[in-house]
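Give me coordinates for this.
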Amino acid sequence: MNEFTNNEQFDKVKNSKTFKSIIAIVVAIVLILILFNLCTFTVDEREQVVVKQFNEVVRVIIDEETPEMEAARIANVNLKDVKVIEGRKGLFLKIPFIQTTETYTNQLLTYDTVPREVITQDKKKLVLDNFAQWKIDNAALFVATINNSRKAHQRLDEIVYSKLNEEIGKVTAHVVISDKEYMSSMLERIIESTNAQLVNYGMEVVDIRIKRTDLPAENYENVFNRMRTERERAAKTYRSEGLEEAQKITSTADKDATIIEAQAYETAETTRGEGDASALQIYADAYNQDPEFYAFYRSLQAYKVTLGSNTTIVLDTKNEFLQYLFNPGVIQVEPAEEPTEEPTE
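Below is the predicted model of the structure:
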């Protein structure tokens, strides 16, 4: 019973004029929104929009059109009557089903090129790995000439590589590798000349940088051999300098040793001479005090040195050398000769 009552009440509401009015309003709003979306489009501050009618550009919303870009656009037959809207973003109208829009960013885009070989003035090969930052300045020119990023990168690569190859061919490899100031000014010239060609495509290069400079792979072995040769030559130089220094030190040491030995020998001879002189003086003094005893003592000293346990001598018993040995009772005192100073070596 309750279910039947609820269905009856719903049918009454459904058939009422108020419900029909609400449905009509909702449908009208939906249709208005659909029509609004078909008749309008929005341009963001970071975007550029090209409006096409039957696939032909009729209007373009961009940030700014320079005189060079305007001249390039007018020179293009398909773009000379295009309406250009500069510096205004927001909501715009279009003809539904007839006009379409294409949106392009006006922010910087980066193109990372493939490393390629270049030849310097001194005929050396270098591998450059560079990249470029660019942007779309005029979407109408871009659409009419290139129309997509792939073709834009291809065109950019052709121009930048040819310019780099041309500029690097004017200098040596040393300048490319070590002279940062020259390379910076060279890249500025390349940017300027590249933009002069890209103005017809609605593009502008903002920056070009070289990430890495290498030698070709086939040159690595030659470089390593040259480095090895240079290191070996440096090692030989250090070794020869070390030997030369060692010889100098050895020669100086030998010289100092010779001088020290000569001085020591001189001192020793002087000391020996002074000792001999003192000994002779002592001998002389002893002889003058008792010549007989001195002769006897010196003979005993001679016997001690000359005669051993197994010594055999053949002398006359009357020989003066044996007078104290075989004739101890007969002592002849004769004036002995004063000892003379023995020459020193």
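
okay, CA-based contacts and neighbour counts for the rest of this
Fine.

for L126, phi and psi?
With angles defined as degrees, to the nearest 10, L126 sits at phi -130, psi 150.

and it, how many neighbours does it have?
Counted with other CA atoms under 10 Å, the burial measure for L126 works out to 22 neighbours.

ditto for I95
Using other CA under 10 Å, the number of residues around I95 comes to 12.

Tell me if it really is in a strand.
No. With DSSP: H, G, I helix; E, B strand; the rest coil as the criterion, I95 is coil rather than part of a strand.

So it sits against N37, correct?
No. With contact defined as CA atoms under 8 Å, I95 does not count as touching N37 (10.7 Å).

Give me the common contacts of the two.
Here I95 and N37 share no contacting residue, scored by CA atoms under 8 Å, 6 or more residues apart in numbering.

So for stretch 185-193, mean pLDDT?
In this model, stretch 185-193 carries a mean pLDDT of 93.

can you tell me how far D157 sits from L198?
12 Å (CA to CA, to the nearest Å).

before we move on, what about A264?
94 Å.

what about those two, which has more around it?
L198 (18 against 12).

my guess is the more buried one is in a helix, correct?
Yes. In this structure, L198 lies within a helix as judged by three-state DSSP.

wait, doesn't it sit right on E204?
Yes. Distance between L198 and E204: 6.3 Å, which falls inside the contact criterion (CA under 8 Å).

in the protein, which spans are strands?
In the chain, strands defined by DSSP state E lie at 40-43, 47-53, 56-62, 83-86, 90-93, 99-105, 109-112, 116-119, 125-136, 203-214, listed in chain order.

Tell me which of those sits nearest to M69.
For those, the distance to M69 is smallest for strand 203-214, at 9.5 Å, taking CA to CA.

Could you list every helix and strand in contact with the closest one?
Contacts of strand 203-214 with other secondary structure elements, assessed using 3 or more CA pairs under 8 Å, 6 or more residues apart in numbering; DSSP states H and E, are made with strand 125-136, helix 180-198.

Tell me the spacing between the spatially closest residue to M69 that is not a sequence neighbour and D112.
Closest residue to M69 apart from its sequence neighbours, by CA to CA, 6 or more residues apart in numbering: V199 at 6.1 Å. With the distance defined as CA to CA, V199 ends up 21 Å from D112.

Likewise for I177?
Separation of I177 from D112 (CA to CA) stands at 20 Å.

pretty sure the residue nearest to M69 is touching E68, no?
Yes. Assessed by CA under 8 Å, V199 is found in contact with E68 at 7.0 Å.

who has more neighbours, the two?
Remark: of V199 and E68, V199 carries more neighbours, 23 against 12, as counted by other CA under 10 Å.

And that one, how far from K135?
If you measure V199 against K135 using CA to CA, the figure is 11 Å.

Contact partners for D63?
48, 86-88, 137.

Just the buried subset of these, please.
48, 137 (16 or more other CA atoms under 10 Å).

okay, the contacts of D63 in a markdown table with pLDDT next?
Listed next are those as a markdown table, based on pLDDT from 0 to 100:
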| residue | pLDDT |
| --- | --- |
| Q48 | 89 |
| E86 | 86 |
| G87 | 82 |
| R88 | 84 |
| D137 | 86 |
